[in-house]
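Enquirer: here you go, sequence then predicted model.
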Amino acid sequence: MAEEKRVMLGQEGAETGSALRKALSLKPADVAFEVREAKLLGRGGAGFPTGVKWVLAGGASGERKYIICNADEGEPGTFKDRVLLDEYTEKILEGMAIAGHAIDADTGIIYLRAEYPYLIPRIMEARQNLIDRGLLGENIGGTDFSFDIEIRPGAGAYVCGEETSLMESMEGRRGEPRNKPPFPTNQGFLGMPTVINNVETFAAIPHIVLEGAEWYQALGRGENSGTKLFSVSGDVENPGVYELPLGSSVCELLELAGGKDTQAVQVGGASGATIGPDELDRCMSFADLPPGGSVIVFDRSRDMLDVLENFMEFFVHESCGQCTPCREGNMRLLDVIADLKAGRIESMKQLKPYFQLAETMKLGSKCGLGQTSSNCFVDIVSKFVDLPDDVKGDA
Amino acid sequence: MARSAEQIVEEGLSRYGSGREAVMQLLTDVNNELGYVPEEAMRAIAKAVGVSNAEIFSVVSFYSFLSIEPRGRHIVRLCKTISCAMKGSADILQALKDDLGIGVGETTEDGRVTLETTSCIGLCDQSPAMLVDDVPHSRLTPEKACEIVRGLE
Amino acid sequence: MPNVSVTINGRKLDVREGVTILEAARSAGIEIPTLCYHPDISIAGNCRMCVVEVEGWRTLPAACVTPVTPNMTIMTNSPRVRRARRSTLQLLLASHNSNCPECERNGNCELQDLAEQHNITVNPFQTDEKPSSIEEASPGVMRDNSKCIMCTRCVRTCEELQSVAVIKPVGRSKDVTIGTFMEKGLNGVPCTQCGQCINRCPTGALFEKSEVEEVWEAIEDPEKFVVVQTAPATRVGIAEALGLPTGRNTGQMVAALKRLGFNRVLDTDFTADLTIMEEGFELIHRLKKALVEGDKDVHLPMMTSCSPGWVKFIEHKYPQLLPNVSTCKSPQQMFGALAKTYLADKEDVDPANVVSVSMMPCTAKKFEKERDEMRDSGYQDVDYVLTVREVARMIRDMDIDFENLPEEKYDRWMGQSSGAAIIFGATGGVMEAALRTAYEVVTGQEVPFEGLNIEPVRGMQGVREAAITMPDDMAEGFEFLAGATLKVAVAHGLANARKVMDKVAAGEADYHFIEIMACPGGCLGGGGQPIPTDADIRQARARAIYDEDAHLPLRKSHENPEIQALYAEFLKEPLGHKSHELLHTHYHKRED
């Protein structure tokens, strides 16, 4: 991870457990309010206000409640959660325990993607560390708050990063998204009130509890709150995880990572936005470019249609198959990409039905996968494919 | 002493209980130990959990890492998504196919290795990368990848 | 629940809070197209045909799953919605085997209807022709995945209505299809052949195995003596299959069958009456063994056996309870056995030339006729089974003007029946018919219900119970039942059957007699009945059936003169030697 810009992570000083102990001295609702005040938006990419989620779950009624850490990191080009789980494990677990206190849950579950099995020993070791120090298990810190964490495995499905698919998977079913409502905060895992947050979101929690909402807000750029981890890969000198204020521009990141001769940057993973060299000053925040954290850089040697094909093959493979626009639409887009590569498309007019299809997928798909999988098609074809609007005498 | 599918399921049930939510863990246990999920395992899980055989089969068929067919003792999963593709995963795939003499999704005759491709495995900063069983290998070259795979027993 | 105010397409509506947008719209007569939605089963929300625009929402939600909220403003036909709907239809059609002329559902297909209504004359996504991929696997139900639109109605039907759950989505993404456990096919898994999946499939992906060609061949063969029997529920289903309103069309159905060329048109209702004779006495026999002889081994409650889907279900799921099932064959099979013995003799034809066809509301009957046990005549007792849908196709194929046919009568020897027989077509009907006869046999009096209508066993509730207490003075020989209370139960749909069976298996059921029908509604909702089906349609068919019963001169099975003649001349007495030879059967444990 880049040394230069670490603000939150890697900070020495805060002893593991100090945030949890402080949280336990506060009322659960107050912890949730502080997180809400901090304006921590979900760091998995969807950007839902975390504190609002906690307040809703805290107010919901159910026999028991659950904290779920979404460790199904699968967006192409994203690896920040892997690094967090490996190098900041105790912090994540502590964040989960604080969440548990905030909503009155006694069980934390890490849904860990099958592709990260080698992280299991580290996570179990960290859990044991915390148990040995009285920071997990029964009566934490001498209070009547008990919380323990278990790992449940995924089995190789990107769509299970979607929170309702994740719960379906944990409940022993196909990872197909559910209809909403009901929302997880009311009826989630096993029908109980559930908070699902990304790994990076939990990593921010101990800091917010210790330093306060205002401190966290100030870390961001402009209206944005807090920092964001960016996983940078592709045509850069120094691929890796970078921590920057949320709202930083793409060119700032490129400078740090060493991008040269950049033709395009994919911000937010395959489901994100593709920007050209004239857009590098745009900001990565929930207001502009999707800040899920994956940043893939392409230099001028790359054929963007090949890139697009790779993205679309990914979506075709990962679509759960449940709803029509996504199951069928991704395939149709892949077909026309093959046509484009083979030079069979003569004008943008020929592509009109596919842009309409992209809109149908974006608006009509049942979940985020289908709703975002056509973004790369629209961006790359619009910005990187040179075709006349119409061909004279075209039918 | 190798456990049978039914044994793995039985022992799993005593650890995870027999609620529907035990299914993923049971399937993973069987799949990891036997390399795939045999029919008997699906029947045993279906019966214990109270759903139809078809339901468990449907679940197994959904996930990339679960297999209904026997696979090799070792499973090589080469990432084919963009960050690895940009750094030459196609050449590595070809080298592995040539070396092993099998195609994607196939298993060597001696039952040693199954070759698969996979979606992004989160090692994009060290691409190209692959998973061999539970172990990640990154910054691969065709030679390095072949060497790793040759060393598998 | 309180009401809320919503606006749909500019119209302000007052609806119950929490109803879905689809329900709200339909209650106001505003139509929204659907495919994966079906009122009999849970809501999936996967086809995305019913998307609507809601003011302030970024995406277009599915109307079928989205509850209304106060002051919601909805547009069901905005430009964005119209374009999304067309796109979705184009996608479905592009992956669909659109060879409509060669499809069973041509003219009665929901996808075809939507494509026509929305004028999908141009499809930019159309790829190559998709060839049929037919799974031949079972006698009753066939699948063609090239026509499947993955709406999962069949999956939800098999799981929720029938609790059989043998068909499920297999695979992921574009490769996902509906399949069976380890792709063994319907023959290799506990499919009960009930055909409820066919009834709810919006396209031609599911259909019955057709025997129409074989029947035409037999009819056209001058050497063959082709007889057809018609099940109780067929006479209230046939009109729907010909585009006419549900009603009582018995006479016209007989006329149509005669014009198709059958040598004899006879009635399964006749053998339904026969079943009551045999099964009524079997029940009395078991009760006597239990109460008089104190036989601990006698198996009670006794359960009906005329529903072959139900029989297959219990063979797979509760084989330990098989001794409880009545040994009586179904009316179809009793008919078949008699057709090639008693009838052949009466008609003076060589039984080897008799071709025995049945017209059924059922797909499981296609499976039943092939059971090894069904050859007691010395031949396969029933040669071909045609669903109501197949017969309708034959009627249209001959350009017969059904609506204007005269009413004609069944042929003799096996054509007369009572009202007790016709109510076999409704859930509770077999029970009611059995009680009308059994009660009178043991007490010498009619059942103590107004108009002989035993209301407690009627209706569409999934599981119904009733109790009848015997009077103190009984008919001669049945004194052992004096003052006894006979407890009965009725269930329809296999999920309900399972509930009752679980109770019986646990020893918690104190019934003496249970009627189970595999299909929701009973045979009137059978897998071979016209498509579509829903609660209103089944209710209309039930009304027609009970109407028919109320208007018939004969109301009880034992009063049927042809039945009396059959016993006098041929069978001698119920449960006698001849009956056991031809009219009773046994069952097999099947793998689960």
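Expert: Looks like it came in fine.

Enquirer: stretch C:313-325: end-to-end distance?
Expert: Counting by Cα to Cα, to the nearest Å, you get 12 Å between the two ends of stretch C:313-325.

Enquirer: do you have the helices of the stretch 51-200 of chain C handy? List them.
Expert: Taking DSSP state H, counting those that start in this stretch to define them, one finds helices in the stretch 51-200 of chain C at C:79-94, C:110-117, C:153-156, C:196-200.

Enquirer: run through who's touching the longest one.
Expert: Helix C:79-94 is contacted from outside by A:324-325, A:328-329, A:332, A:353, A:356-357, A:359-360, A:363-364, C:33, C:35, C:47-49, C:51-53, C:60, C:75, C:111, C:114-115, C:118, C:120, C:123-127, C:149, using Cβ atoms under 8 Å, 6 or more residues apart in numbering or on different chains. Bear in mind the C-beta positions are built from the backbone N, C-alpha and C, glycine included.

Enquirer: C:Glu240: what's it in contact with?
Expert: C:Glu240 touches C:Thr246, C:Gln529, C:Pro530, C:Ile537, counting by Cβ under 8 Å, 6+ apart.

Enquirer: show me the contacts for C:Cys519.
Expert: By Cβ under 8 Å, 6+ apart, the neighbours of C:Cys519 are C:Cys194, C:Gly195, C:Gln196, C:Ser307, C:Gly309, C:Cys362, C:His492, C:Gly493, C:Gly525, C:Gly526, C:Gly527.

Enquirer: gap between it and chain A?
Expert: 28 Å (Cβ to the nearest Cβ, to the nearest Å).

Enquirer: could you check how far that residue is from A:Ile208?
Expert: Applying Cβ to Cβ, to the nearest Å, the value for C:Cys519 to A:Ile208 is 59 Å.

Enquirer: next: C:Ile276.
Expert: Distance of C:Ile276 to A:Ile208, given as Cβ to Cβ: 77 Å.

Enquirer: please apply the same query to C:Glu373.
Expert: Note on C:Glu373: its distance to A:Ile208, by Cβ to Cβ, is 74 Å.

Enquirer: over to A:Glu115?
Expert: Distance of A:Glu115 to A:Ile208, given as Cβ to Cβ: 30 Å.

Enquirer: name the nearest residue to C:Leu408, sequence neighbours excluded.
Expert: No Leu there; residue C:408 is Glu. Among residues not flanking C:Glu408 along the chain, C:Ala255 sits closest, at 4.1 Å (Cβ to Cβ, 6 or more residues apart in numbering or on different chains).

Enquirer: now the residue positioned nearest the centre of chain B: phi and psi?
Expert: The geometric centre of chain B, computed from its C-alpha atoms, lies nearest to B:Phe65 (Cα atoms, centre = their mean), at 4.6 Å. Here is the backbone geometry of B:Phe65 (degrees, to the nearest 10): phi -90, psi -10.

Enquirer: that one - nearest residue in space that isn't next to it in sequence?
Expert: Nearest to B:Phe65 is A:Gly156, by Cβ to Cβ, 6+ apart, at 3.5 Å.

Enquirer: equivalent analysis for C:Pro323, please.
Expert: Once flanking residues are discounted, C:Pro323 sits nearest to C:His299: 4.3 Å by Cβ to Cβ, 6+ apart.

Enquirer: mind listing what the closest residue to C:Thr341 other than its chain neighbours touches?
Expert: Spatially, and ignoring its direct neighbours in sequence, C:Thr341 is nearest to C:Ser377 (5.2 Å; Cβ to Cβ, 6+ apart). For C:Ser377, the contact set (Cβ under 8 Å, 6+ apart) comprises C:Gly336, C:Ala337, C:Leu338, C:Ala339, C:Lys340, C:Thr341, C:Pro351, C:Leu582.

Enquirer: over to C:Met359?
Expert: C:Val228, C:Gln229, C:Thr230, C:Ala231, C:Thr234, C:Leu257, C:Leu386, C:Thr387, C:Val388, C:Val391 are the contacts of C:Met359 under Cβ under 8 Å, 6+ apart.

Enquirer: do you know how far the fourth one is from C:Met360?
Expert: Using Cβ to Cβ, one gets 5 Å for the distance from C:Ala231 to C:Met360.

Enquirer: please apply the same query to the third one.
Expert: Counting by Cβ to Cβ, the separation of C:Thr230 from C:Met360 is 8 Å.

Enquirer: overlap of the contact sets of these two?
Expert: Counting by Cβ under 8 Å, 6+ apart, the shared contacts of C:Thr230 and C:Met360 are C:Thr268.

Enquirer: the two: which is more packed in?
Expert: Counted by other Cβ atoms under 10 Å in any protein chain shown, C:Thr230 and C:Met360 do not tie: C:Met360 has more neighbours, with 34 against 28.

Enquirer: before we move on, the earlier item: looking at the contacts of C:Glu240, which has the most residues close by?
Expert: Using other Cβ under 10 Å as the neighbour test, the contacts of C:Glu240 are led by C:Gln529, with 33 neighbours.

Enquirer: does that residue touch C:Gly237 like I think?
Expert: Yes: at 4.6 Å, C:Gln529 and C:Gly237 qualify as touching, with contact defined as Cβ atoms under 8 Å.

Enquirer: can you check which residues contact both of the two?
Expert: Counting by Cβ under 8 Å, 6+ apart, the residues touching both C:Gln529 and C:Gly237 are C:Pro361, C:Val388, C:Arg541.

Enquirer: show me which residues of chain A sit near chain C.
Expert: A:157, A:174, A:179, A:181, A:316-325, A:327-332, A:335, A:353-354, A:356-357, A:359-360, A:362-366, A:371 (Cβ under 8 Å from any Cβ of the partner chain).

Enquirer: which of those are buried? Put it as a PyMOL command.
Expert: Buried subset of the residues of chain A next to chain C, written as a PyMOL selection, criterion 16 or more other Cβ atoms under 10 Å in any protein chain shown:
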select buried, chain A and resi 157+174+179+316+317+318+319+320+321+322+323+324+325+327+328+329+330+331+332+353+354+356+357+359+360+362+363+364+365+366+371
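
Enquirer: near chain B, from the residues of chain A next to chain C?
Expert: Residues of those in contact with chain B (Cβ under 8 Å from any Cβ): A:Ala157, A:Arg174, A:His317, A:Glu318, A:Cys320.

Enquirer: what helix or strand is the closest residue to the first one other than its chain neighbours located in?
Expert: Across the structure, with Cβ to Cβ, 6+ apart as the measure, the residue nearest A:Ala157 apart from its sequence neighbours is A:Gly175 (4.8 Å). A:Gly175 is part of no helix or strand, with elements assigned from DSSP states H and E.

Enquirer: phi, psi for A:Gly175 please.
Expert: With angles defined as degrees, to the nearest 10, A:Gly175 sits at phi -80, psi 60.

Enquirer: that older thread, for the residue nearest to C:Glu408, what are its contacts?
Expert: Shown in contact with C:Ala255 (Cβ under 8 Å, 6+ apart): C:Leu405, C:Pro406, C:Glu407, C:Glu408.

Enquirer: where does chain C dip in pLDDT?
Expert: Flagging of chain C using pLDDT under 70 yields the residue ranges C:1, C:136.

Enquirer: go again with 90.
Expert: Applying pLDDT under 90 to chain C picks out residues C:1-2, C:17-18, C:121, C:127-137, C:290-298, C:592.

Enquirer: just chain B next, same as before
Expert: Applying pLDDT under 90 to chain B flags residues B:1-2.
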